[in-house]
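A.B. asks: Please find the sequence and the predicted model below.
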Amino acid sequence: MAVVSYVIAGSEATGGAGIQADLRTFEQCETYGVGTITCIVSFDPTNGWAHRFVPVESTVIADQIEAATAAHEPAVVKIGMLGTPATISTVATALTARPWQHVVVDPVLICKGQEPGAALDTDNALCSEILPLATVVTPNLFEASTLAGMESIDSVEDLERAARRIADLGPKYVVVKGGVGLPGDDAVDLLFDGTTITVLREPKVGEERVSGAGCTFAAVITAELAKGAEVVDAVRTAKQFTHDGILGRVGSHAPFDAVWNRPPTRR
């Protein structure tokens, strides 16, 4: 049987991020991708590419999860953008209803289409209901500083401090992604397994963020874990894969490029 990689996340209409990037990455990692849509984000090209955010009804999300898990019985799931406290509660209930070998959480904390109060409620619900279920959580600098209660993260030492604080929220492994946000020539990520710190480095590819990098990173971890890899090895593979995808990125009429691991040229 095919190895199944499963994702519960939002749809992003340009294809650069969200469940579109996840499913594309699962296929590139030679696994069979299955997805449940939690919300729909469609940037507004007539308003500075601002977010337009529409949540999917909780019962519809629950129905999707029921069908996907009954058909394929996935052992590993990636959690991406959930978007509302109601969605978070629905997903948390579904996660605890069956055994999982691994749960990978890409903690998308806010969407610019949400009001600040709603965003805070969503952040708090994610911390209390989802993070304790996670094998691996993969916050970027903003997400990590929010989760860790730090004003900023400006160094590798700060990455470690944040990772240790986030680990106290329940996940077994924490990967804090420095990306282009830390000074220096390298994009630095830090993995904390509860005991050991592992620092991963790749040369920066410019100084601009690339859409879908975080989604891709967590999706590779998910696919590699589904294939039986250990967490540290899966994170290393994700780091290299994402770096290569930033090198091969694709442009569009949107004001941002998107990660793309270009397929090999056929002869």
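C.D. replies: Now that the structure is in, tell me what you want to look at.

A.B. asks: And residue 100, how far from residue 77?
C.D. replies: Note on residue 100: its distance to residue 77, by CB to CB, to the nearest Å, is 6 Å. Just so you know, the C-beta spots here come from the backbone N, C-alpha and C atoms, and that holds for glycine as well.

A.B. asks: Looking at these two, which one has more neighbours?
C.D. replies: Comparing residue 100 with residue 77 by other CB atoms under 10 Å, the one with more neighbours is residue 77, at 30 against 16.

A.B. asks: The more buried one in helix, strand or coil?
C.D. replies: Assigned with DSSP: H, G, I helix; E, B strand; the rest coil, residue 77 falls in the strand class.

A.B. asks: Need the per-residue pLDDT for the nearest residue to residue 58 once chain neighbours are set aside.
C.D. replies: Excluding its sequence neighbours, the residue lying closest to residue 58 (CB to CB, 6 or more residues apart in numbering) is residue 90, at 4.4 Å. Note for residue 90: predicted pLDDT of 98.

A.B. asks: Am I right that residue 90 sits in a helix?
C.D. replies: Yes. Residue 90 forms part of a helix when assessed by three-state DSSP.

A.B. asks: That one is in contact with residue 57, isn't it?
C.D. replies: No. If you go by CB atoms under 8 Å, residue 90 and residue 57 don't touch, sitting 9.4 Å apart.

A.B. asks: Who has more neighbours out of those two?
C.D. replies: For the pair residue 90 and residue 57, the greater number of neighbours falls to residue 90 (22 against 11), based on other CB under 10 Å.

A.B. asks: who's in contact with the more buried one?
C.D. replies: The contact partners of residue 90, taken as CB atoms under 8 Å, 6 or more residues apart in numbering, are 58, 61-62.

A.B. asks: any idea which of those residues is closest to residue 253?
C.D. replies: If you rank these by distance to residue 253 using CB to CB, residue 61 comes first, at 31.3 Å.

A.B. asks: Report the contact partners of that closest one.
C.D. replies: Neighbour list for residue 61: 8, 36-38, 87, 90-91 [criterion: CB under 8 Å, 6+ apart].

A.B. asks: that older thread, out of the contacts of residue 90, which is nearest to residue 141?
C.D. replies: Looking across these and measuring by CB to CB, the closest to residue 141 is residue 61, at 28.9 Å.

A.B. asks: tell me which residues in the helix or strand where the closest one lies are buried?
C.D. replies: Assessed by DSSP states H and E, residue 61 sits inside helix 58-72. Within helix 58-72, the residues that count as buried by 16 or more other CB atoms under 10 Å are 58, 61-62, 64-65, 68-69.

A.B. asks: Run through this protein and note the low-pLDDT ranges.
C.D. replies: Counting by pLDDT under 70, the chain contains low-confidence ranges at 110-119, 264-267.

A.B. asks: And the helices in it?
C.D. replies: Using DSSP state H, the helices found in the chain span residues 18-28, 58-72, 85-96, 116-125, 141-148, 156-167, 213-226, 231-247.

A.B. asks: Tell me which of those is the most buried.
C.D. replies: By mean neighbour count, with neighbours taken as mean count of other CB atoms under 10 Å, helix 213-226 ranks first of these at a mean of 28.

A.B. asks: With distance to residue 173 added, can I get the contacts of residue 61 in CSV?
C.D. replies: Rendered in CSV, the data for the contacts of residue 61 read as follows (distance: CB to CB, whole Å):
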residue, distance to residue 173
8, 19
36, 23
37, 26
38, 23
87, 24
90, 25
91, 20
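
A.B. asks: Going by distance to residue 151, which of the residues you listed wins?
C.D. replies: For these, the nearest to residue 151 is residue 87 (28.9 Å; CB to CB).

A.B. asks: show me the contacts for the closest residue to the closest one other than its chain neighbours.
C.D. replies: Counting by CB to CB, 6+ apart, residue 87 lies nearest to residue 38, which is 5.3 Å off, once chain neighbours are set aside. Residues in contact with residue 38 (CB under 8 Å, 6+ apart) are 8-10, 55-56, 61, 80-83, 87, 91.

A.B. asks: Nearest to residue 132 among those?
C.D. replies: residue 91 (13.1 Å).

A.B. asks: isn't the closest one right up against residue 82?
C.D. replies: Yes. Between residue 91 and residue 82 there is a contact under CB under 8 Å: 6.0 Å.
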